[in-house]
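Q: model the structure of this input:
(2 chains)
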Protein chains: 2
Amino acid sequence: MLDPYGLLRVVKPKGALPQAADVLDPSLPGRDDEMVIDVDHLNIDAASFRQIEKQEGGDASRIAEAVSTIVRSRGKMHNPVTGSGGMLIGRVREIGPAHPGKAKLKIGDRIATLVSLTLTPLSLDRIDAVHPETDRVDVRGHAILFATGVYAKLPADLPDTLALAALDVCGAPAHVARMTKSGSRVLVIGAGKSGSLCCAQAKRSGATRVVVADLQPAPGQRLVEAGLCHGAFGADATRPVDFLNAAKAANDGKLYDLVVSCTTAPATEMSAILCCRDGGCVLFFSMATSFTAAALGAEGVGKDAALYIGNGYAPGHAELTLDLVRSEAGLRSLWEERFAGKTR
Amino acid sequence: MLDPYGLLRVVKPKGALPQAADVLDPSLPGRDDEMVIDVDHLNIDAASFRQIEKQEGGDASRIAEAVSTIVRSRGKMHNPVTGSGGMLIGRVREIGPAHPGKAKLKIGDRIATLVSLTLTPLSLDRIDAVHPETDRVDVRGHAILFATGVYAKLPADLPDTLALAALDVCGAPAHVARMTKSGSRVLVIGAGKSGSLCCAQAKRSGATRVVVADLQPAPGQRLVEAGLCHGAFGADATRPVDFLNAAKAANDGKLYDLVVSCTTAPATEMSAILCCRDGGCVLFFSMATSFTAAALGAEGVGKDAALYIGNGYAPGHAELTLDLVRSEAGLRSLWEERFAGKTR
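A: Numbering: from 1, shown residues only, chains lettered A, B, ... in the order given. The predicted structure is shown next:
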């Protein structure tokens, strides 16, 4: 029986899709149109990892136990507080005869799933290590990928950890590529993983002024030095009026055509909206974004901006992002230092 | 001292904008750039009203007490559960010399505020009546409007209650007008107030197939009979796979170019996303929308759709919506029957 959306894996509530479900069933064997993956690493969504890290006082073994508890109780790594997941890296164990990857993959191929862990049935045998600097957890276990689940074969010319970090947020630069007009002014909030990709892509797509903001000036300044953007400033995006003043000062006193929110901090919607010009766009990629805060906030200050929910998918997003990391020397060296970790 | 965003009205936390604040100070007198309004009616956001109604078992006096408690503790009608507000109707009591409405309004003019109650300082002396059929509460009290706060003078040719109902959701049809391409197929989820406006506007903007969905077939069927759309069906949008099948059956087996979510029900994001074709748009106006459910949901099924947060503001939105109610005979008679109530 074919089950392209994974409805048969939903334990409760019945009739929900896997992402909305409280509990999934990750048990074996896989169905005819499913792929079974031996899981090596989880790359936890940044907002989720920060929440767990804070809750557990930064202690690695307690973080591991918290991850294990979530997966055991829900059948997936779906953080109940933040609502977000992440993605995984692993090896193909079995491919059902009706799975669309049947002709393209072979047993043992290393792949990354590009669908969220919030809808991926997962069972963990053990957790080997927690890497807070990369939001990564090394594990042993298995996961199920449905026929509609997007995945990417890992490239041979990039370290796994680098590819994983890039693929985890590959929707963001792909949408920036679509939305950046030549000659435009772009503000990226958050100088982390997705923020640095968005800066590099905005510049590549012809923006004439790309500015990055973070809580402190240093992380953004490093992106400027790496050649990924033109300017940087430090300001607290939860204080929108101060933030607006700093953002304008970094852009000849002007507002921005496109604002991309890549911060993990909650309550930053108004800073993004205030910095956007009337007729411009705000692209929210932060998983900490509140729908009502954004919708009502723009109305509250009479701002005529198009507000986008950052869709994690776009055709070709994996290739675009891997190519960005591969070909932007400044980005690659920054990422190797920051995210590649020590394991491989 | 000028205070265009109302920062001086924020009691806590300091530095937040009024919408994000926990508590506002609605005390008199008004500042130089503020307007003071004698408040007659609150039109509570539908998601908020339903939540309070359910919590209070549908009892009118308990609903009144719940509204009163929220306003007393927060200094604004900002539902802490749903995060949403609504808007108000009243009469101009005082206009500060630096308020932009100074030259356009006179004392006693009847106006509606078009900014959310979530950021409007409000103090209630008493609640006179609760009207669950229109989500409306008759009150006596005062509110403060900041210099950036959008408002509309009430038209002389429409009953107040009808104008209030229309202005409350006037962002939705204004954005549908922008996003509907001639010849497109549009699905509107929710056959209520904003849903009926969106149907009428989509048809007016040249959509060749406009279909409305609601939990039961009857409300949508009435919109078809009123000439506001071409088709209607009844289905539960919290069950996305069943909903998708019904939506396709109502559209020659096809997906839609534009899907507009106007439902008050939570957990309907996936139905909206599944019904949209690749390359199409989903416009979320439901205040019950979960940002993460939409972002991760589209990624989870590999759907290449542009996902929009419905901005409550667009230039000219009040005029467009009042004109729609005024000139679409079918819409007006339906609304008069449904929302105008008995008072005026």
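Q: ok, A:Val211 to B:Gly316 distance?
A: For A:Val211, the distance to B:Gly316 (C-beta to C-beta, to the nearest Å) stands at 31 Å. Any C-beta I mention is one placed from the backbone N, CA and C, and that applies to glycine too.
Q: go through stretch A:207-224 and flag the buried ones.
A: Under the neighbour-count criterion of 16 or more other C-beta atoms under 10 Å in any protein chain shown, stretch A:207-224 has A:207, A:209-215, A:217, A:219-224 buried.
Q: sort out for me which of those are in strands.
A: If you go by DSSP state E, the buried residues of stretch A:207-224 have A:209-214 in strands.
Q: can I get these in CSV including pLDDT?
A: Output for those, formatted as CSV (pLDDT from 0 to 100):
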residue, pLDDT
A:Arg209, 98
A:Val210, 98
A:Val211, 98
A:Val212, 98
A:Ala213, 98
A:Asp214, 98
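Q: wait, which of these is closest to chain B?
A: Looking at those and their distance to chain B, the nearest is A:Ala213, at 16.7 Å (C-beta to the nearest C-beta).
Q: let me know how buried the nearest residue to that closest one once chain neighbours are set aside is, in neighbour terms.
A: Nearest non-adjacent residue to A:Ala213, counting by C-beta to C-beta, 6 or more residues apart in numbering or on different chains: A:Ile189, 5.1 Å away. By other C-beta atoms under 10 Å in any protein chain shown, the residues close to A:Ile189 number 29.
Q: ok, what's across the strand from A:Ile189?
A: Beta-bridge partners for A:Ile189, by DSSP bridges, are A:Ala213, A:Ser261.
Q: which stretches in chain A count as strands?
A: Applying DSSP E to chain A gives strands spanning A:10-12, A:23-24, A:35-44, A:86-95, A:110-113, A:122-131, A:136-145, A:151-153, A:185-189, A:209-214, A:231-234, A:256-261, A:276-284, A:306-309.
Q: so which bits of stretch A:179-189 are buried?
A: For stretch A:179-189, by 16+ other C-beta under 10 Å, it's A:179-180, A:184-189.
Q: shaky segments in the stretch 201-344 of chain A?
A: Residue ranges of the stretch 201-344 of chain A with pLDDT under 70: A:339-344.
Q: need the residues of it near chain B, please.
A: Applying C-beta under 8 Å from any C-beta of the partner chain, one finds that the stretch 201-344 of chain A approaches chain B through A:238-242, A:267, A:270, A:278, A:284, A:287, A:289-315.
Q: number of nearby residues for the residue of the stretch 151-300 of chain A found nearest chain B?
A: Closest residue of the stretch 151-300 of chain A to chain B, C-beta to the nearest C-beta: A:Glu299 (3.0 Å). A:Glu299: 27 surrounding residues under other C-beta under 10 Å.
Q: could I get the phi/psi values of the nearest residue in space to it that is not next to it in sequence?
A: Distance criterion C-beta to C-beta, 6+ apart; nearest residue to A:Glu299, sequence neighbours excluded, is B:Gly312 at 3.0 Å. The phi and psi values for B:Gly312, taken as degrees, to the nearest 10, are phi -70, psi -10.
Q: tell me how many other residues crowd B:Gly312.
A: For B:Gly312, the count of nearby residues is 27 (other C-beta under 10 Å).
Q: distance of the closest residue to A:Glu65 other than its chain neighbours from A:Arg9?
A: Leaving aside its chain neighbours, A:Glu65 sits nearest to A:Glu56 (7.9 Å; criterion: C-beta to C-beta, 6+ apart). Per C-beta to C-beta, A:Glu56 is found 29 Å from A:Arg9.
Q: could you dump the strands of chain A into CSV and include distance to A:Val67?
A: Formatted as CSV, those follow (distance: least, C-beta to C-beta, whole Å):
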stretch, distance to A:Val67
strand A:10-12, 20
strand A:23-24, 16
strand A:35-44, 7
strand A:86-95, 10
strand A:110-113, 17
strand A:122-131, 6
strand A:136-145, 6
strand A:151-153, 22
strand A:185-189, 28
strand A:209-214, 27
strand A:231-234, 32
strand A:256-261, 26
strand A:276-284, 26
strand A:306-309, 26
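Q: pLDDT value on A:Ser27, please?
A: Looking at A:Ser27, its pLDDT reads 98.
Q: show me what contacts it?
A: A:Ser27 sits next to A:Ser123 when contact means C-beta atoms under 8 Å, 6 or more residues apart in numbering or on different chains.
Q: circling back to that earlier point, more neighbours, A:Glu56 and A:Arg9?
A: A:Arg9 (23 against 17).
Q: so what's the residue count around A:Ala60?
A: Using other C-beta under 10 Å, the number of residues around A:Ala60 comes to 15.
Q: so what's it closest to, chain neighbours aside?
A: A:Val130 (4.4 Å).
Q: pull the most distant pair out of the buried residues of stretch A:207-224.
A: For those, the farthest-apart pair by C-beta to C-beta is A:Ala207 and A:Leu215; their separation is 23.1 Å.
Q: residues in contact with A:Gly234?
A: Listed by C-beta under 8 Å, 6+ apart, the contact set of A:Gly234 reads A:213-218, A:220, A:246.
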